[in-house]
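S.K.: Just to be clear, the model below is a prediction. Sequence and coordinates:
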Amino acid sequence: MINRNVVKDDLCIVCVYSCRSSELPAPPYASGAALFASGAALFAVGIHLSYLNVAPQQARTKARNDFVKERLRQKQSK
C-alpha cells in the first residue's frame, strides 16, 4: 500500500511517496536496457548477414566488369 504524505510549502506542494519494497515498480532503466540490447543484437545480426553476402556480390561485380572489358576489347579490335 502506498502512503501519500502531502507537505505544503509556501511556494509549492510537494508529494512524498513511501512504498514498501515489494510494491516498487520495475525501474524504467531495465526496460530501456532490454530494448537497447535487443536492438544491438538485431544490428549485429544484420551486419553478420551483410558480410556473408559480400563475397558473392564482389564475384558478380568482377565477372560483369571482366565481361564488359572483354566485350570492349573485341569491339575495339574490329
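M.R.: That came through, no problem.

S.K.: which regions of the chain lie under the pLDDT threshold?
M.R.: Under the criterion pLDDT under 70, the flagged ranges of the chain are 1-27.

S.K.: those strands in it, which residues are they?
M.R.: Under the criterion DSSP state E, the chain carries strands at the ranges 3-8, 13-18.

S.K.: show me where the protein has helices.
M.R.: Along the chain, the segments classed as helices by DSSP state H run 28-52, 54-77.

S.K.: The first one to helix 54-77, inter-axis angle?
M.R.: Here helix 28-52 runs at an angle of 40 degrees relative to helix 54-77 (axes from the mean of the first three to the mean of the last three C-alpha atoms, to 10 degrees).

S.K.: other SSEs contacting helix 28-52?
M.R.: Using 3 or more C-beta pairs under 8 Å, 6 or more residues apart in numbering; DSSP states H and E as the contact criterion, no helix or strand is in contact with helix 28-52. The way it works is simple: take the backbone N, C-alpha and C, and place the C-beta from them, glycine included.

S.K.: contact partners of it?
M.R.: The set of residues that contact helix 28-52 without belonging to it, under C-beta atoms under 8 Å, 6 or more residues apart in numbering, is empty.

S.K.: Ramachandran angles for N53?
M.R.: Backbone dihedrals for N53, given as degrees, to the nearest 10, come out at phi -90, psi 0.
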